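**Student:** just need the structure, nothing else, for what follows:
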Amino acid sequence: MHRSLCILSAAVLLAAATIAAAQPNQVIPAAANTAAAPAPGRPVIFDFKDLGDCTADTGLTAQQEYCQTSASLTKPGQAHWYRFNVLEEQSALTLHFLITTQNGRVRMGLWLPGHSLEEQPSVTAETLLASSFAQELYITIPAAQLFHSPGIYTLQVMTEYGAPQYVLRADMTPATTLLADADRQAIKQVVKDCCTDLNGLVCNRLNIGIDAQDIDSDLCHTGPIQCDRDGHITDLVLQGTNGDQDLTCPGFSAGFAQLPSLRRLDLAGAHLGADLPTIAQALAPATKLQWLVLRTANIVGQLSCDIILPSLQLLSLTRNSLTGTIPDCYTKTTTLKHLYLSDNSLSGPLPDFTSESSLELLFARDQQVEDKPSMTGGFPAGLASAGNLRYLQLSNVGLSGAIGELPAGLKYFNISANAFQGPIPSFSTELVSLDISANKFTGTLPSDMSAYANLVDIQAFSNGLEGPLPAKMPPHLVQLAVSGNKLSGPMPALPRGIKYVSVAENGLEGNLPDGPGASSIWFGDFSSNKFSGNIPTALSQAEELVYLNVSRNQLTGIASPEAWNTPAAITLDASVNAIQGTLPAVLAQQARLAYINFGSNALTGNLQAFAAAVQPDTQVGAVFDVSSNQLTGDLPEGLGNLAVFSTAPASFPSWDE
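**Tutor:** Numbering: from 1, shown residues only. Coordinates of the predicted model:
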């Protein structure tokens with residue numbers, strides 16, 4: 001190799017030394033890109049749906065109390081659209097949209113009258129509750145705004161992850177509805193008990209709402225708080241930021257239970273300082289309460305059974321300071337359906353389940369004491385009998401042992417970062433998401449997974465799995481992350497629509513994947529295997545490809561190198577192979593390609609054509625390595641345009657979510 005090229009590579013590598021490379025086991029949600037706007041030139045499919053009388057051409061009226069519909073989204077990027085006609089003479093109402101999902105997540109956006117649907121939504125939904133496979137989002141259009149903006153409103157619901165089933169509800173609160181006197185007195189009690197500083201956002205809003213005489217500041221027209229037609233609060237959502245100015249009441253407040261129609265109480269982000277027995281005693285008279293969200297609310301002490309109130313269906317205690325064991329009343333409940341206990345310091349074994357358990361969702365990940373997982377033991381014997389359980393998230397809690405029979409209806413199963421061992425258990429074909437990564441599983445993956453029609457996510461990296469990948473993949477798979485195992489054999493055909501593929505650090509061989517499935521990926525890590533042959537055109541011409549790592553294999557070339565076209569690509573690592581020929585000049589024309597590494601290959605010729613294609617002020621080549629090849633000739637002047645020689649800071653995406 002020519003001495004001047006050696007100097008170039010050394011200089012480039014030195015400049016890039018502080019930039020961290022993506023690690024093969026850092027997994028990001030595969031569907032994070034599936035809800036993006038269509039590429040230029042691709043038509044938007046307007047799949048308009050009905051929402052009862054609310055989508056009738058006659059328009060919304062204050063006489064309609066609410067409209068509701070249920071639907072499913074089955075494909076990445078799929079969207080449903082709803083159109084609402086707001087007539088000027090019927091606009092004296094507050095419009096509130098609430099969407100609840102299971103099996104996945106959605107994005108919800110609203111376009112105001114006169115706004116083009118080709119632009120971003122005028123209003124995007126706010127989050128009430130969010131987890132991997134369940135969420136609640138809302139949008140509120142106050143009466144004052146609705147009155148000044150009559151016309152056609154368009155709502156979009158789009159898949160963000162999984163195969164979401166959703167319930168969409170539109171509530172109309174007439175402008176004549178104001179907060180009832182009984183509720184006004186109850187809120188006064190809450191302010192007295194919990195608001196030591198009226199300058200906080202939540203306390204300030206409540207204090208103003210107590211004395212409000214018009215819809216501009218009345219609590220019934222302040223989203224996401226909702227009232228019934230008589231002015232009684234049904235949904236009291238007071239999310240704070242967990243600061244000193246938020247709700248602070250170690251003794252809680254009897255005012256909450258004095259709201260006669262309260263169905264939902266959300267105090268996420270409050271600074272309560274209370275324990276669960278105190279909260280349970282205060283809320284005991286709230287006989288209609290179905291949802292209680294105390295996420296990140298500075299709850300202290302241990303779990304207690306009395307907080308599972310008779311009518312309660314959802315309880316969120318995520319991210320507090322709870323200690324001790326989980327009582328079996330939480331897993332043997334016959335009323336509670338959704339239970340969130342993640343990010344606490346709970347310890348001991350997982351309590352047993354019974355066939356009468358009503359739990360559909362249990363999320364209790366990340367239990368740690370002194371920065372170490374704090375739970376012990378394995379799955380209880382009765383887990384298989386929990387016939388209602390659909391969503392189970394117990395990652396990074398300290399559980400271990402072999403896994404026996406699981407509930408037949410599981411759709412979401414995440415036990416990553418534990419110490420489970422033995423073969424992979426059997427799952428129902430209803431499964432949507434599987435994460436068993438960072439355990440000690442051995443054995444093989446199923447050879448045929450084509451019957452798993454709903455499965456979009458497989459994460460099994462950092463185990464001891466052997467044998468081949470499934471010859472037949474799930475047809476709608478979006479994410480495959482199996483790096484850091486002992487897998488062998490060829491790479492099977494990838495399903496259409498897959499976005500994330502990480503098979504690094506295995507013993508896979510043969511050709512890299514080609515065909516329609518491979519051309520749809522946006523993250524591909526095939527490094528540290530035994531792949532041979534060429535980089536296929538499905539990868540070198542993938543329009544959505546952002547990251548491609550094929551380093552440390554036995555590749556010898558690039559199929560159609562001068563036709564390379566990856567307009568979204570930022571990272572290309574093909575180092576430590578046996579790639580022959582010249583460095584394709586077309587790589588310099590990939591406008592976002594900041595990381596180019598062809599070091600330790602068998603490239604020949606010179607860099608004249610590549611250098612001539614590098615444009616001034618480019619993002620290309622913030623990292624550029626062609627060291628340890630067989631290149632000849634002097635350094636072309638055009639290489640000085642590479643981004644590595646620019647004073648502007650380079651920006652690389654983070655693959656660690």
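**Student:** what is the distance between stretch 433-449 and the centre of its chain?
**Tutor:** 22 Å (Cα atoms, centre = their mean, to the nearest Å).
**Student:** end-to-end on that stretch?
**Tutor:** 13 Å (Cα to Cα, to the nearest Å).
**Student:** now do the buried residues in it.
**Tutor:** For stretch 433-449, the neighbour count (16 or more other Cβ atoms under 10 Å) marks 433-439, 441, 445, 449 as buried. No exception for glycine: its C-beta is placed from N, CA and C like everyone else's.
**Student:** again, but for stretch 157-174
**Tutor:** Buried, per 16+ other Cβ under 10 Å, within stretch 157-174: 157-166, 168-174.
**Student:** do the same with stretch 70-89
**Tutor:** Neighbour counts using 16+ other Cβ under 10 Å place 73-74, 76-86 of stretch 70-89 among the buried residues.
**Student:** stretch 373-391 now?
**Tutor:** For stretch 373-391, the neighbour count (16+ other Cβ under 10 Å) marks 373-375, 378-380, 382-386, 388-391 as buried.
**Student:** how far away is the nearest residue to V626 once chain neighbours are set aside from A591?
**Tutor:** Once flanking residues are discounted, V626 sits nearest to F598: 5.2 Å by Cβ to Cβ, 6 or more residues apart in numbering. Here F598 is placed at a distance of 19 Å from A591 (Cβ to Cβ, to the nearest Å).
**Student:** and those two? Which one has more around it.
**Tutor:** Between F598 and A591, F598 has the larger neighbour count (other Cβ atoms under 10 Å), namely 25 against 13.
**Student:** so the more buried one makes contact with S628?
**Tutor:** No: contact criterion Cβ atoms under 8 Å: F598 and S628 do not qualify, at 9.6 Å.
**Student:** among the buried residues of stretch 157-174, which lie within strands?
**Tutor:** Among the buried residues of stretch 157-174, the members falling in strands (DSSP state E) are 157-166, 168-174.
**Student:** in the chain, which spans are helices?
**Tutor:** 3-15, 143-148, 181-194, 201-210, 276-283, 537-540, 608-613 (DSSP state H).
**Student:** tell me the least confident of the buried residues of stretch 70-89?
**Tutor:** Lowest-confidence member of these: P76, scoring 75 (pLDDT).
**Student:** quick one: low-confidence parts of the stretch 551-657 of the chain?
**Tutor:** Residue ranges of the stretch 551-657 of the chain with pLDDT under 70: 646-657.
**Student:** strands along that one, start to end?
**Tutor:** 554-558, 571-573, 580-581, 595-597, 602-603, 623-625 (DSSP state E, counting those that start in this stretch).
**Student:** so which bits of the first one are buried?
**Tutor:** Spelled out, that is strand 554-558. Neighbour-count burial for strand 554-558, with 16+ other Cβ under 10 Å as criterion, is recorded at 555-556, 558.
**Student:** and what of the second one?
**Tutor:** Using 16+ other Cβ under 10 Å as the test for burial, strand 571-573 gives 571-573.
**Student:** closest to R264 among the residues you listed?
**Tutor:** T571 (44.6 Å; Cβ to Cβ).
**Student:** pretty sure that closest one contacts L548?
**Tutor:** Yes: T571 lies in contact with L548 (Cβ under 8 Å); the separation is 6.8 Å.
**Student:** need the residues touching each of those two.
**Tutor:** Counting by Cβ atoms under 8 Å, 6 or more residues apart in numbering, T571 and L548 have no contacts in common.
**Student:** wait, doesn't N506 sit right on K486?
**Tutor:** Yes: counting by Cβ under 8 Å, N506 does reach K486; the two are 6.7 Å apart.
**Student:** just want to know which of those two has more residues nearby.
**Tutor:** Neighbours per residue (other Cβ under 10 Å) separate N506 from K486, with N506 holding more: 24 against 13.
**Student:** from L487, how far out is that one?
**Tutor:** On the measure of Cβ to Cβ, N506 and L487 end up 4 Å apart.
**Student:** then L289?
**Tutor:** To L487, L289 is 50 Å away according to Cβ to Cβ.
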